[in-house]
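1. Just a sequence and a predicted model for now, questions to come.
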Amino acid sequence: MKIATPAGYLESLESLERDVYVLGERCECAARHPMVRPAANAVAETYDLESEAEAERLLLTESHLTGRTVSRFTHIHQSTDDLVDKVLMQRFLGRRTATCFQRCVGMDGLNALYSVTHECDAAHGTGYHRRLRDYIEWVQDENVVVEGAMTDTKGDRSLRPGEQPDPDAFLHVVDQSAEGITVRGAKAHQTGAINSHEILVMPTTAMREGEEEYAVSFAVPADSKGVTFILGRQPSDTRKLEDSPLDVGNPMYGSQEALVVFDDVFVPRERVFMCGEVDVSGYVVERFAAFHRQSYGGCKVGVGDVLVGAARLASLYQGVDRASHVRDKMTEMVHLNETLFACGIACSSMGRATAAGNYEVDPLLANVCKLNVTRFPFEIARLLQDIAGGIVVTMPSEKDFRNPDIAPYLEKYLKCADGYTALDRVKILKFIENVTVGCGASAYLTESIHGAGSPQAQRIMIARLAELDKKAELARRIAGI
Ligand code: SF4
Ligand code: FE
């Protein structure tokens, strides 16, 4: 693996020459920008094999293509054990960063395309699967970060792609030659886009006949000509520019979303994995969504572990750790969090082999997992705020603690239980602020609703997979009807 350490990853990112805009200005080196760096640090953790004993086993595995050791983030799952290990890895990294570490979207995209390209070749005589395998082998050996880009900007939601007044509302092919294709459009809410070396584009929905130009999948380097990144804002994000890390709450790690614009970007043929095969486009969407809905049963659970820990510290620092209602609320937080984990493990254990030989998750259970994720983190966050108290949003700044005129007041009046300083208390409360209403809430809360598809998308899949008539038959037999 060419990129082998967190420092190596950050260096490789700094050397990319890309068009990145932050707060209206072109950014010479996005990876060093204080609003982006914490998010890059979170991705860098996926390269850290040394700081914890289980890291190597969880983060590395053997490539089925080459037999070489590769990052699990570039791996094609070969068994249900692989699927379970993926979830364990995500929980592990959620615990470490307390945010979204962004690298799963590429893994989930490659795994979805792996089986779909195989089926597409069988149906249409195309040669996409071989190309994709070559690409995956390259990704594994380079150990680059691949951003999986699915969500189009979609324009008027009541209109199909081909009916939009602006044809670029859905990313599409605008030109083709023997050498490659040219694409135009944009992908929205792109997790980790600014921290990726490669962008793997997939269609946003099942395309129909007549929508061939929108049924397109390909990979391009992030520094390709015509690709522009516009960083998305997060609540309280400019606190990262204020030189008071305490006020950020999680100063080391963050997440990042961006609008990625493709303005006539050329893609060579060997990086095209679908071009016009509308009948298989929906499979990519469903399988990517299922993998990513599984993912949330790992990453958000890891963040949840940190939140349970934060609740424990807040209760100790404030002298309420023995109150029975506090203990009860913490039990409830754990119950909710472990329920999400159970769903992540269940859809992995019940996974199955595809025709291409790789393993996919059980789609019904993956959708149940994600639908729970649209709710439980909010309840966990509510309980956490309940335990922490209203001070979560009324605390003074780190800068106040640095001012000798008022610091003694803060130390005197914000101190609670004996043995803990006011500053310790404020630190954990600032973290709670970060993850429940600040910058970190983007990843823990809003992303839990809309990431990997909004709740309605999961309800549609659950309804489709529910087999209601089979269940009615069970009841009919028992009731003697
Ligand atoms: Fe990975 Fe979770 Fe972030 Fe998705 S939301 S990229 S699964 S950490
Ligand atoms: Fe996500």
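-> Okay, I see it. Ligands and ions are numbered 1, 2, ... in the order given.
2. hey, let's count contacts and neighbours off CA atoms from now on
-> Will do.
3. I'd like the distance between the residue nearest to the spatial centre of the chain and Gln456.
-> Centre of the chain computed as the mean C-alpha position; nearest residue by Cα atoms, centre = their mean is Gln102, 4.6 Å away. Distance of Gln102 to Gln456, given as Cα to Cα, to the nearest Å: 23 Å.
4. How about the secondary structure of the residue nearest to the centre of the chain?
-> Assigned with DSSP: H, G, I helix; E, B strand; the rest coil, Gln102 falls in the coil class.
5. The chain: strands as residue ranges?
-> Secondary structure of the chain by DSSP state E: the strands cover 19-22, 25-26, 60-62, 69-71, 146-149, 172-176, 180-191, 198-201, 216-221, 227-231, 257-268, 272-275, 352-353, 359-360.
6. Just tell me which of those strands ends up closest to ligand 1.
-> Closest to ligand 1 of the strands of the chain, according to Cα to the nearest ligand atom: strand 180-191, at 6.4 Å.
7. what's next to that closest one, contact-wise?
-> Strand 180-191 is contacted from outside by 102, 105, 147-153, 168-176, 232, 255-270, 272, using Cα atoms under 8 Å, 6 or more residues apart in numbering.
8. Swap in 7 Å and give it another go.
-> Contact partners of strand 180-191, identified using Cα atoms under 7 Å, 6 or more residues apart in numbering, comprise 102, 149-153, 168-176, 256-269.
9. Show me what counts as buried in it.
-> Buried positions in strand 180-191, judged by neighbour count with 16 or more other Cα atoms under 10 Å: Ile181, Thr182, Val183, Arg184, Gly185, Ala186, Lys187, Ala188, His189, Gln190, Thr191.
10. follow-up on the earlier one: and the buried ones among the contacts of strand 180-191, selectable in PyMOL?
-> Buried residues within the contacts of strand 180-191, by 16+ other Cα under 10 Å, are selected in PyMOL with:
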select buried, resi 102+149+150+151+152+153+168+169+170+171+172+173+174+256+257+258+259+260+261+262+263+264+265+266+267+268+269
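11. filter the contacts of strand 180-191 down to the ones close to ligand 1.
-> Gln102 (Cα under 6 Å from any ligand atom).
12. Contact residues of the chain facing ligand 1?
-> Applying Cα under 6 Å from any ligand atom, one finds that the chain approaches ligand 1 through Cys100, Phe101, Gln102, Arg103, Cys104, Val105, His292, Ser295, Tyr296, Cys299.
13. Quick check, the last one in contact with Arg96.
-> No. Using Cα atoms under 7 Å, Cys299 makes no contact with Arg96, being 10.1 Å away.
14. between the two, who's got more neighbours?
-> Taking neighbours as other Cα atoms under 10 Å, Cys299 and Arg96 compare with Cys299 leading, 30 against 18.
15. Now do the same contact list for the more buried one.
-> Contacts of Cys299 were listed using Cα under 7 Å, 6+ apart, and they are Gln90, Arg91, Leu93, Gly94.
16. Looking at these, which are in helices?
-> In this view, those that belong to helices under DSSP state H are Gln90, Arg91, Leu93, Gly94.
17. Make CSV out of those residues and add pLDDT and neighbour count.
-> Rendered in CSV, the data for the ones in helices among the contacts of Cys299 read as follows (pLDDT from 0 to 100; neighbours: other Cα atoms under 10 Å):
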residue, pLDDT, neighbour count
Gln90, 98, 28
Arg91, 98, 24
Leu93, 98, 27
Gly94, 98, 23
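18. Pro396: how many residues sit nearby?
-> Using other Cα under 10 Å, Pro396 is surrounded by 14 other residues.
19. so what pLDDT did it get?
-> Looking at Pro396, its pLDDT stands at 97.
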